[in-house]
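> Sequence first, predicted coordinates after that:
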Amino acid sequence: MYAIGKFLSRIIDSLTVISGLAIALMMLHITVDVILRSGFNYPLPGTITIVSYYYMAIAAFMPLAFAEQKQAHISVEVVTELMPKVVQKHLAGWMLLFSAAVFALMTLRSWEEAMSKYGIKASIVQGEDSLPVWPTYFMLPLGCCLMFLVVAYKFIVYLTNQPSGLDTERAAPTSDAD
């Protein structure tokens, strides 16, 4: 079990690095476009499409599982914080099963949509060029599938009470006062 968690963590970390690179490339791409547009009256062709379909899709869906792994998703515990700790633990455990079901359905539905876009070779005409956008439709099922794997794994860990192996340690900001 522990080895599976470590393996999932490596996959998650790799996709999160790819997401970070996509954000850096998006910033660079937009900066170059603004400089060329303002200084030379020559905008980069396809910037809007590439940013909105490629960079944003990667940046939005790849790190979903990273936030789950680090237990960093936003949560509101208005009622549950009043419950005993043991009830909170079991409620959180069984919510993992519910989350796994939801993400399994999202993975299947988004996969169908991605295959549909692949089937018609979806593209967007921008200027004189046609940019294919069908590959970006596979980012959602990939992100949802990885999220499903993480929550399903965490549910199994909850049921078996085994060590997880997932990297749950959050990066803490360093203090200059130390």
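Received it, and whenever you're ready, just let me know what you need. Owing to the predicted nature of the structure, the values given are computational and were not obtained by experimental measurement. Residues are numbered from 1 along each chain as shown.

> in this protein, which segments are predicted with low confidence?
The chain contains residues with pLDDT under 70 at 171-178.

> Next one: the residue lying farthest from the centre of the chain from V32, what distance?
Distance to the chain centre peaks in the chain at F40, reaching 36.6 Å (criterion: C-alpha atoms, centre = their mean). Using C-beta to C-beta, to the nearest Å, F40 is found at 11 Å from V32. Every residue, glycine included, has its C-beta placed from N, CA and C.

> same for the longest helix along the chain, what does it pack against?
Longest helix in the chain by number of residues (criterion: DSSP state H): helix 2-40. Under the contact criterion of 3 or more C-beta pairs under 8 Å, 6 or more residues apart in numbering; DSSP states H and E, helix 2-40 touches helix 47-49, helix 56-61, helix 64-69, helix 139-160.

> Would you mind giving these as JSON lines with mean neighbour count added?
Output for the helices and strands packed on helix 2-40, formatted as JSON lines (neighbours: other C-beta atoms under 10 Å):
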{"stretch": "helix 47-49", "mean neighbour count": "18"}
{"stretch": "helix 56-61", "mean neighbour count": "19"}
{"stretch": "helix 64-69", "mean neighbour count": "23"}
{"stretch": "helix 139-160", "mean neighbour count": "20"}
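
> Indicate which one of those is closest to T168.
Each of the helices and strands packed on helix 2-40 was scored for nearness to T168 using C-beta to C-beta, and the closest is helix 64-69 (6.5 Å).

> Residues touching the closest one, excluding its own?
Here helix 64-69 makes contact (C-beta atoms under 8 Å, 6 or more residues apart in numbering) with 8-9, 12-13, 15-16, 19, 72-73, 143-144, 146-147, 149-151, 154, 166-168.

> what about the nearest residue to V133 once chain neighbours are set aside, how many residues close to it?
Nearest residue to V133 in three dimensions, chain neighbours excluded: Y53, at 4.6 Å (C-beta to C-beta, 6 or more residues apart in numbering). For Y53, the count of nearby residues is 22 (other C-beta atoms under 10 Å).
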